[in-house]
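# When you get a sec, could you give me coordinates for this:
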Amino acid sequence: MAQEAPKVIGRYNVLQPLGVGGMGAVYLCQDPLLKRKVAVKIVLNAHSDSEAMLTRFQRESEISAQLNHPNIISIFDVGNDELVGPFLTMEFVDGSSLAKLLQTESPVEPRVALDWICQIGQALVAAESAGIVHRDIKPENVLISKAGRIKLTDFGLARNEESNLTTTGVVMGTPSYTAPELLAGKPASPVTDRWAYAVTVFQLVTGNKLPHQGDTLPALLHSIANSMPTLPEGMSAPLQRFFLKALHKDPARRFDSTLHFLEALADALGMRELLDPRGLTLLPPKPEPAADDMATRTLPVGGAGKQVTPGAGEAPASPTPAAVSKERRADTPTPHGSKLTAPPAELFRRDEKDKENEKEKEASFNQRIETTSPLPFSKASLPMAKPSGRSPRYAAKPLSEPINSAWVTLALLVLLVLGYFGLPRSVHFESHPSGVKITVDNKDLGTTPLDHRFFYGTHVASAKLDGYEEKIQTFDARDGQLTLELEPRLDWIEIKTEPEGADVYLGSRHLGRTPLTGVMVPLQPERVIITLDGYRQEERKLGPTDRLPAVIKLSRLN
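The predicted structure is shown next:
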């Protein structure tokens, strides 16, 4: 018998149920104090463990307040009702969950799907920037308002670095969205959140299909841990490459950020121009203030800094602007960046001895002109122009005078800079897999691993290997090392036998009977077994660098 809906939860008047499951329920309520509609979540039959549930609700509330993001649900209140137990009050989203839309609606239009996917991505980036792992990303926890606004909800399983509400190594969340490394006992991380995000995106793109399926829970988990994702027929090659990378068994081979994930998805959909990268870059962590920053501060008051300790006695009276200005002029130079109300008079004072020296030099110059000039004009008729560079007044200093050390330092610095930028640097090339052909600036260098010297600046490297996508990457010679990760090329082949009708197995999977078309080459080499009654069994290897004959001829048994 279904549990009857309560009429009041805490101070909130229940209007109608929004969703009821085996574990909990969500009700649309009216807040009589703030006169607004809210959603209130309760846990059914939670009285036996009400303290633990209340603690979990409080943690979810704290995380929501910490994130405060437009694509993350806002939590308003946490309480404990005498009748229903712990409850959580959050903003009401007038719409539906993504799970319901996928079940009831026709396939989502690609432009709308990309917009929703980007909003979910922005919420994930906000959580990752705050050091929070959601641990339960799935369509049921994505709410979509009628205006198209995405709200990521249910941070009940979330944790951050300070949280100890969950245990490392315990698989939590929903099985279909569990990353392979979680099944191996690895801790949850933003990488595992992106795996669940990729599964959710897979459902949006394919019309609610899942990449891994199984009739039983063990079969499903075995598929996630050991099998490649099942890609629907007719999926474009760019989308296939995208999902095979996003759902790779090895976390290091997946996309390293949500931004790169979305850029690759937009490229695969042919809608890169619609991708808005705002809000998709991780924010740097906020620096922690030093412990003594607020205990003791030095304020630039007067000629010497005075230490002021908040709360330690009465603060000194602030000096008047005129007094501060006078004290600065008398004792200290003007601080960097401040403006002068009037130039100091000292800047315009000239030394009397300097004036006399200038007059003597000018008289000496005029005398030389009068005694040495062969031209028939007097001193008074000389043009009032500055002497040329050949004048004794501007003659170079004799070599016997000491050389200015500043010029020597500058010359040495120039030589060091020229040497730093002009000498070639050694760069070490590595690749995964190894044996990759490296070309830099259209010049073949050999196969990895290798070392080569380059002049300062950026260069363009190209890596090629049969069975893998070409990798093009720029690098700076100052880095000293370049590691290139190549992705296997996704090819589709035909498998033909003579005679036809042979059963083909790839690993443990039965692909069908020959002739077969559209067989995808696996990312890792796998064994191909071909059997036919009355003929010898054939075993071959198929992988990125291994191919089958155009026609496999079977031999009869003796």
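# in the stretch 1-150 of the chain, which spans are helices?
Along the stretch 1-150 of the chain, counting by DSSP state H, counting those that start in this stretch, helices occupy 50-67, 98-104, 110-129.
# now do the chain
50-67, 98-104, 110-129, 180-183, 190-206, 217-226, 237-246, 258-269, 321-331, 352-372, 405-422 (DSSP state H).
# Return the most buried member of those helices.
Across the helices of the chain, averaging neighbours per residue (mean count of other Cβ atoms under 10 Å) puts helix 190-206 on top, at a mean of 23. Every residue, glycine included, has its C-beta placed from N, CA and C.
# Phe454 is nearest to which of the helices of the stretch 1-150 of the chain?
helix 110-129 (35.7 Å; Cβ to Cβ).
# Restricting to C-alpha, output that closest one in CSV.
Only the C-alpha atoms of helix 110-129 are listed here, as CSV (Å, rounded to 0.1, in the frame of the first residue of the first chain):
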residue,chain,number,x,y,z
PRO,A,110,20.9,18.3,-32.3
ARG,A,111,21.1,22.1,-31.6
VAL,A,112,18.9,21.8,-28.5
ALA,A,113,20.8,18.7,-27.4
LEU,A,114,24.2,20.5,-27.7
ASP,A,115,22.8,23.4,-25.6
TRP,A,116,21.7,21.1,-22.8
ILE,A,117,24.9,19.2,-22.9
CYS,A,118,26.9,22.4,-22.6
GLN,A,119,24.8,23.5,-19.6
ILE,A,120,25.5,20.2,-17.8
GLY,A,121,29.1,20.6,-18.6
GLN,A,122,29.2,24.1,-17.0
ALA,A,123,27.7,22.6,-13.9
LEU,A,124,30.4,19.9,-13.8
VAL,A,125,33.2,22.4,-14.3
ALA,A,126,31.8,24.5,-11.4
ALA,A,127,31.8,21.4,-9.2
GLU,A,128,35.3,20.4,-10.3
SER,A,129,36.6,23.9,-9.7
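# So which elements touch that helix?
strand 142-145, strand 150-152, helix 190-206, helix 258-269 (3 or more Cβ pairs under 8 Å, 6 or more residues apart in numbering; DSSP states H and E).
# Out of the ones you listed, which gets nearest to Tyr505?
helix 190-206 (26.0 Å).
# how big is the angle separating that closest one from helix 258-269?
Helix 190-206 runs at 20 degrees relative to helix 258-269, counting by axes from the mean of the first three to the mean of the last three Cα atoms, to 10 degrees.
# So Cys29 sits against Lys7, correct?
No: assessed by Cβ atoms under 8 Å, Cys29 is found out of contact with Lys7, at 10.2 Å.
# Identify the contacts common to these two.
Residues touching both Cys29 and Lys7 (Cβ atoms under 8 Å, 6 or more residues apart in numbering) are 13-14.
# ok, those two, which is more surrounded?
Shown here are Cys29 and Lys7; by other Cβ atoms under 10 Å, Cys29 has more neighbours (25 against 8).
# ok, the closest residue to that one other than its chain neighbours to Lys35 distance?
Leaving aside its chain neighbours, Cys29 sits nearest to Tyr12 (3.8 Å; criterion: Cβ to Cβ, 6 or more residues apart in numbering). Distance from Tyr12 to Lys35, counting by Cβ to Cβ, to the nearest Å: 12 Å.
# Just want to know which of those two has more residues nearby.
Tyr12 (25 against 7).
# residue contacts, the more buried one?
With Cβ under 8 Å, 6+ apart, Tyr12 has these contacts: 29-32, 38, 40, 89.
# just Leu231 next, same as before
Leu231 neighbours (Cβ under 8 Å, 6+ apart): 211, 240, 243-244, 520.
# so Leu221 touches Ser176, yeah?
No: the criterion here is Cβ under 8 Å, and Leu221 misses it with Ser176 at 9.7 Å.
# So for Lys35, what's the pLDDT?
Per-residue pLDDT puts Lys35 at 90.
# cool, and the one 5 residues further on?
At Val40 the predicted local distance difference test score is 92.
# OK, contacts around it?
9-10, 12, 14, 26-27, 29, 87-90.
# Across the sheet, point out what pairs with it.
Tyr27, Thr89 (DSSP bridges).
# Kindly provide the distance from it to Glu82.
15 Å.
# do the same with Gln103
Taking Cβ to Cβ, one finds Gln103 at 37 Å from Glu82.
# Same question for Ala113.
45 Å.
# Thr514 too?
70 Å.
# do Pro499 as well
78 Å.
# now do Ala123
35 Å.
# got it, and Glu470?
Counting by Cβ to Cβ, the gap from Glu470 to Glu82 is 67 Å.
# Among those two, which residue is more densely surrounded?
Glu470 (14 against 7).
# Which residue, other than its chain neighbours, is closest to that one?
Glu470 sits nearest to Lys464 (Cβ to Cβ, 6+ apart), 5.2 Å away.
# residues touching the one you found, list them.
436-437, 439, 470-471.
# Using PyMOL, define a selection of the buried residues within these.
Applying 16 or more other Cβ atoms under 10 Å to those leaves a buried subset, and the PyMOL line that selects it is:
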select buried, resi 436+437+439+471
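# Restricted to strands, list the contacts of Lys464.
437, 439, 471 (DSSP state E).
# closest to Lys541 among these?
Lys437 (22.7 Å).
# isn't that closest one right up against Leu465?
Yes: counting by Cβ under 8 Å, Lys437 touches Leu465, with 6.7 Å between them.
# so where's the stretch 301-450 of the chain uncertain?
In the predicted model of the stretch 301-450 of the chain, residues 301-359, 361-362, 364-404, 415-422 satisfy pLDDT under 70.
# what do you get if the cut-off is 50, keeping everything else the same?
Within the stretch 301-450 of the chain, the set of residues satisfying pLDDT under 50 comprises 301-350, 372-383, 385-386, 388-397, 399-400.
# Could you do the chain as well?
1, 161-172, 291-350, 372-383, 385-386, 388-397, 399-400.
# quick one, what contacts the residue nearest to Val460 when sequence neighbours are not counted?
Of all residues not flanking Val460 in the chain, Thr474 sits nearest, at 5.4 Å (Cβ to Cβ, 6+ apart). Shown in contact with Thr474 (Cβ under 8 Å, 6+ apart): 458-461.
# now Lys37
So Lys37 contacts 15, 28-31, 92 (Cβ under 8 Å, 6+ apart).
# need the strands for the stretch 401-550 of the chain, in chain order.
425-432, 437-440, 443-447, 450-454, 458-464, 471-476, 481-485, 492-495, 497-498, 503-506, 509-513, 516-520, 526-531, 538-542 (DSSP state E, counting those that start in this stretch).
# So which of these is nearest Glu62?
Short answer: strand 481-485, nearest of these by Cβ to Cβ, at 38.6 Å.
# So for that closest one, what gets flagged as buried?
Quick answer for strand 481-485 (16+ other Cβ under 10 Å): 482, 484.
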